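Student: the sequence and its predicted three-dimensional model are supplied below.
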Amino acid sequence: MRIEYHRTLIADTVRNEAFYRALKAVIVPGKTFVADIGTGTGLLGLMAAKLGAKDVFMFETAEVAGVAAKLIKANRAKRCHLIPCHSTEFDDTLSADVIVSETLGNYALEENIIDTIADARARFLKPGGHLIPEGITQYVAPVISPRINDELSAWDRAGPELKCELDLSFAKAMSFNNAYVRTLASSELLGGIANAAAWDLVDLTRDNRSARKGSSRWRVRDARTIYGLAVWWSADLGHGIKLSTAPDGPRTHWEQLYMPLLTPVHLKAGDTVEAAIKSRSSQDAGTHLAWTVTHLDGKSRVIAKHAHDLDKGYLP
């Protein structure tokens, strides 16, 4: 376990302030019981205690639980109770007024928040209790900037740079079947941030499938080249409080995901591009992502289809 990752969470003022406001909106001093799932170093649980929560139950299964224990002691947070296991493995009864879980990744669902929250909501949350977050919206936009594509195309340049013929196409294909954590600007997206589409809506207050899929279409007025897809999310923390990883939002420790295309799509005026995304997330199997970009002409006839799968970029 490296502490550096957790330092980036502590340094993320946008994240911390959003969760602080969300907790403050629902905690009644001296009365509210809080369950903090995936507490990490314990920041959110300590926040809840400082806001007056009657008791805070803090779940953490990773080695960082030892750090949380020391910080609870250092802060004399007697109302904080560390439970060193995954919340789904906890068999005792628990009755919480608030469940808070910041188990969000650059890809929103990579830490299996859907199944974790569903289990906690069913077994721990009192009727009328609050979830933080309540929901997640995932967005997608075509990327028209060649910047990241050029970075990933190093496979093509190796031979010419060495002045010899090399065929690295197999490795290049694997490289382009990966999702990359990158920061993108609104100007690098087709139509800018305002033209992005919500491809997935997750209401955490009810049961959801951990397998997700969605698609969106854009018709272009002028000729454009699409090099990949940008994906990000917005979490609804309740009471009008949002936390977003959008390119034009306040910077957080999260970034956007860039899903590349091995072959760029050259659109003519009037053409349409369709993006379809699928994902599966589980505690045992991790996260699987697949994305397909379809090029259609002005009469909606398919010109080309480009399919990518994260599993094809994996080295066993």
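Tutor: Thanks, I have it. This one's a predicted model, so the numbers in the text were calculated from it and none came from an experiment. Numbering: from 1, shown residues only.
Student: report the backbone C-alpha coordinates of stretch 88-104 in CSV.
Tutor: The C-alpha coordinates for stretch 88-104 follow below in CSV (Å, rounded to 0.1, in the frame of the first residue of the first chain):
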residue,chain,number,x,y,z
THR,A,88,-20.6,-6.9,1.9
GLU,A,89,-18.8,-9.3,4.3
PHE,A,90,-20.2,-7.7,7.4
ASP,A,91,-22.8,-10.1,9.0
ASP,A,92,-23.8,-8.2,12.1
THR,A,93,-26.8,-5.9,12.1
LEU,A,94,-26.3,-2.2,11.4
SER,A,95,-28.9,0.6,11.2
ALA,A,96,-27.7,3.7,9.5
ASP,A,97,-29.4,7.0,8.8
VAL,A,98,-26.8,7.9,6.2
ILE,A,99,-24.6,5.7,4.0
VAL,A,100,-21.7,7.5,2.3
SER,A,101,-19.3,5.9,-0.1
GLU,A,102,-16.6,7.6,-2.2
THR,A,103,-15.8,4.5,-4.2
LEU,A,104,-15.5,6.3,-7.5
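Student: so how far is that stretch off the chain centroid?
Tutor: Chain-centre distance of stretch 88-104: 20 Å, with CA atoms, centre = their mean, to the nearest Å.
Student: so who does Asp97 touch?
Tutor: 26, 28, 31-34, 126, 129-130 (CB atoms under 8 Å, 6 or more residues apart in numbering). Every residue, glycine included, has its C-beta placed from N, CA and C.
Student: I'd say Ser186 and Ala196 touch.
Tutor: No - applying CB atoms under 8 Å, one finds Ser186 not in contact with Ala196, separated by 9.1 Å.
Student: these two - which one has more neighbours?
Tutor: The neighbour comparison of Ser186 against Ala196 (other CB atoms under 10 Å) goes to Ala196, with 23 against 16.
Student: what's the closest non-adjacent residue to that one?
Tutor: Computed as CB to CB, 6 or more residues apart in numbering, the closest residue to Ala196 that is not its neighbour in sequence is Ala141, at 4.0 Å.
Student: sec struct for the one you found, please.
Tutor: Recorded secondary structure, Ala141: strand (DSSP: H, G, I helix; E, B strand; the rest coil).
Student: next up, the contacts around it.
Tutor: So Ala141 contacts 189-191, 193, 195-197, 229-230 (CB under 8 Å, 6+ apart).
Student: could you redo the last one with a cut-off of 7 Å?
Tutor: 189-190, 195-196, 230 (CB atoms under 7 Å, 6 or more residues apart in numbering).
Student: can I get those in JSON lines including distance to Ala246?
Tutor: Compiled in JSON lines, the contacts of Ala141 are given as follows (distance: CB to CB, whole Å):
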{"residue": "Leu189", "distance to Ala246": "10"}
{"residue": "Leu190", "distance to Ala246": "15"}
{"residue": "Asn195", "distance to Ala246": "13"}
{"residue": "Ala196", "distance to Ala246": "8"}
{"residue": "Ala230", "distance to Ala246": "10"}
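Student: go through the residues you listed and flag which are in helices.
Tutor: Of these, none are assigned to helices by DSSP state H.
Student: closest to Lys312 among the residues you listed?
Tutor: Ala230 (20.4 Å; CB to CB).
Student: so what's that closest one bridging to?
Tutor: Beta-bridge pairing of Ala230 under DSSP bridges involves Ala141, Tyr258.
Student: what pLDDT does the model give it?
Tutor: We have a pLDDT of 98 for Ala230.
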